[in-house]
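Trainee: With the input below, show me the fold.
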Amino acid sequence: MQFQPLHHHVHVLPFTWKVSRGVKPEIKACQRSYRDLASFDFDFHWKEFKHNILPNWSDNFNNYWHIGLRINSPGNYTWVNGSPMPINHWQPGQPYPNATFAAMASYPPDISGSFKSITNDNVAGFICQGIRRECNLFCYLKE
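Mentor: Okay, the predicted model is just below:
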């Protein structure tokens, strides 16, 4: 299988997890414009994003961003691309039992890149993932 680089697109519009993913046709969200919410199913993708991108976005939306991590069964989260969750970057005490989705923290530095369980009521910016030729590895969109 040939590796295709995935590009991450940071959106600064505040939406719920489901809207960020693309359930409303009038909003150009992840499933409509790219592939889906970002899945960090490889540790090197997560490290690259955590160290090189998140520090630039720390003051937005209470420092959390929607990612493509959702609950599959009680206590079992999977990525929206169907991959299991091979990396464990949960914040201490997470995930909460009644949450259905996850967001990624961008600040403070000691929890940057960590995952926090959330409900669909939480509003945040979002990180999409897809194959795009217009940008290198990461794109920053203020749509």
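Trainee: Strands along this structure, start to end?
Mentor: Ranges of strands in the chain, per DSSP state E, are 7-15, 36-37, 64-73, 76-79, 101-105, 115-118, 124-130, 138-141.
Trainee: So which of the ones you listed is nearest F49?
Mentor: Counting by Cβ to Cβ, F49 lies closest to strand 7-15 out of these; the figure is 6.3 Å. For the C-beta atoms, the positions are set from N, CA and C on the backbone; glycine is no exception.
Trainee: Tell me what angle the closest one forms with strand 64-73.
Mentor: 100 degrees (axes from the mean of the first three to the mean of the last three Cα atoms, to 10 degrees).
Trainee: residues touching the nearest residue to N81 once chain neighbours are set aside, list them.
Mentor: If the residues on either side of it in the chain are set aside, N81 comes closest to S39, at 4.4 Å by Cβ to Cβ, 6 or more residues apart in numbering. Contact analysis of S39 by Cβ atoms under 8 Å, 6 or more residues apart in numbering lists I67, G68, L69, W79, V80, N81, S83, Q129.
Trainee: out of everything not next to it in sequence, what's closest to the last one?
Mentor: What that stands for is Q129. A38 (4.1 Å).
Trainee: Was I right to think S114 contacts M104?
Mentor: Yes. Here S114 reaches M104: they are 7.2 Å apart, a contact under Cβ atoms under 8 Å.
Trainee: between those two, who's got more neighbours?
Mentor: M104 (26 against 18; other Cβ atoms under 10 Å).
Trainee: for that one, what are its contacts?
Mentor: Counting by Cβ under 8 Å, 6+ apart, M104 has contacts F40, L54, Y64, W65, I67, G113, S114, F115, K116, I127.
Trainee: what separates the residue nearest to the last one when sequence neighbours are not counted from P97, distance-wise?
Mentor: Pointing back at I127 there. In space, I127 comes closest to A38 once its chain neighbours are excluded; the distance is 4.2 Å by Cβ to Cβ, 6+ apart. A38 is 24 Å from P97, where distance means Cβ to Cβ, to the nearest Å.
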